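S.K.: Structure of the sequence below:
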Amino acid sequence: MTGPLIIAARRSPVAPRGGGLGALAIHQIAAPVIAALLADAGIGPEAVGELILGNALGAGGNPARLAALAAGLPERVAGLTIDRQCCGGMDAVLLAHAMVAAGLHDVVIAGGAESYSRRPLRLAPDPQGGPPVPYDQPPFAPWPDRDPDMVEAAEAIAARLGISRAEQDDWAVASHARALAAAPRLAAEIVPMAGLAADSFARALTLRLCARAPVLAGSVTAANTAVAADGAAFCLVVSGRIARHRPALRLLAGATVGADPALPGLAPVPAIRQVLDRAGLVPGALDVVEMMEAFAVQAIGCLRLTGLPPAAVNPGGGALARGHPVGASGAINLVRLFHDLRAPGQHGLAAIAAAGGLGTALAVQRVG
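M.R.: Numbering: from 1, shown residues only. Next up is the predicted model:
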């Protein structure tokens, strides 16, 4: 085999903020996943050239370095932390692919890790000399009128595309149902930790329960919005020399694009179109699609505008049934693709949106 390949992919359980992973720091969630990833591939830590980790809430430092050391990687592995908010975990894999393709390394670990539970408190100094002002969401655009709260941005998609609360609730119920049904096979991709061996949030959600959910904005409710969560996920990207004839995923095309910051949930649309065009694929050729579900309306809107096949989307449930560990979510989608694309020649696509109007997508093929 030639060119970079993903030969292993693993993740932690995903748990809501303050839940089963709430006592663990970012590197403590990441390290067991990294160790399991290398064990799956039969590759020793000494072979690793770099670790790239997407993280959005850690407030500086270099969580990738901490994770590398905690996982027992050689001290020469510097660790690179990137922040593209929700896109970070997927973009880390695209960056790893580029590093291996350029011949910089033969083995790169890439993904993301996030602890919503342990994130630092955010305070902004008062320029007038008063007490610091707490804030939750930093600015993602320089214009206040185009830098909406994420919930309000989701409701704007519903209004623009005419997506009802009922449609969003139907999507959420289906996501939970698929996650519960897939739980036995999801166990193969999850690295148990802190007493958890499965995602802890999925439940027998019903439309009656959805009807009682608190309204966040218009048609967007607590039931059709992903909960803040903790988790980690990583892929092992290697050169063809290392991969040889193992089962693997080959990256056919990938793209990260900027779009309207006022409608960030639709930013994956141009990325998806670009990736399908570069890969020479039509939507109907995709066997599995992992579409991020930060909000049900975002996933529905992206499918509606790209023509992706609904029957192929999130067969193991999505973020609505797991939770949203921001910097890790894109990598979790790739782990899901790795484990659900089983037959050589199958094609998959993953896509995710991020605050500020960012969208990442990539297309892969199962080989070997």
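
S.K.: pLDDT averaged over the longest helix seen in the chain - what is it?
M.R.: Identified as the longest helix of the chain according to DSSP state H is helix 165-186. Helix 165-186 shows a mean pLDDT of 98.

S.K.: can you list contacts of whichever helix or strand comes after that helix?
M.R.: Counting by DSSP states H and E, the next helix or strand C-terminal to helix 165-186 is helix 207-211. Contact with helix 207-211 is made by Asp169, Asp170, Ala172, Val173, Thr221, Ala223, Asn224, as judged by CB atoms under 8 Å, 6 or more residues apart in numbering. C-beta: built from backbone N, CA, C; applies to glycine.

S.K.: Using CSV, write out every CA atom in helix 207-211.
M.R.: The C-alpha coordinates for helix 207-211 follow below in CSV (Å, rounded to 0.1, in the frame of the first residue of the first chain):
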residue,chain,number,x,y,z
LEU,A,207,-41.5,12.1,21.6
ARG,A,208,-43.5,12.5,24.9
LEU,A,209,-40.3,13.2,26.7
CYS,A,210,-39.1,15.6,24.0
ALA,A,211,-42.4,17.5,24.3
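
S.K.: before we move on, back to that, buried stuff in the longest helix of the chain?
M.R.: For helix 165-186, the neighbour count (16 or more other CB atoms under 10 Å) marks 165, 167-180, 182, 186 as buried.

S.K.: Likewise for stretch 211-222?
M.R.: Counting neighbours by 16+ other CB under 10 Å, stretch 211-222 gives Ala213, Leu216, Ala217, Ser219, Val220, Thr221 as buried.

S.K.: roughly how far is it from the heart of the chain?
M.R.: Centroid separation for stretch 211-222 versus its chain: 24 Å, with CA atoms, centre = their mean, to the nearest Å.

S.K.: hang on, the earlier thing: among the buried residues of stretch 211-222, which two are most distant?
M.R.: With CB to CB as the measure, no two of the buried residues of stretch 211-222 lie farther apart than Ala213 and Ala217, at 12.5 Å.

S.K.: And the longest helix of the chain, what does it pack against?
M.R.: Identification of packing neighbours for helix 165-186 by 3 or more CB pairs under 8 Å, 6 or more residues apart in numbering; DSSP states H and E yields helix 207-211, strand 220-221, helix 296-306, helix 319-322.
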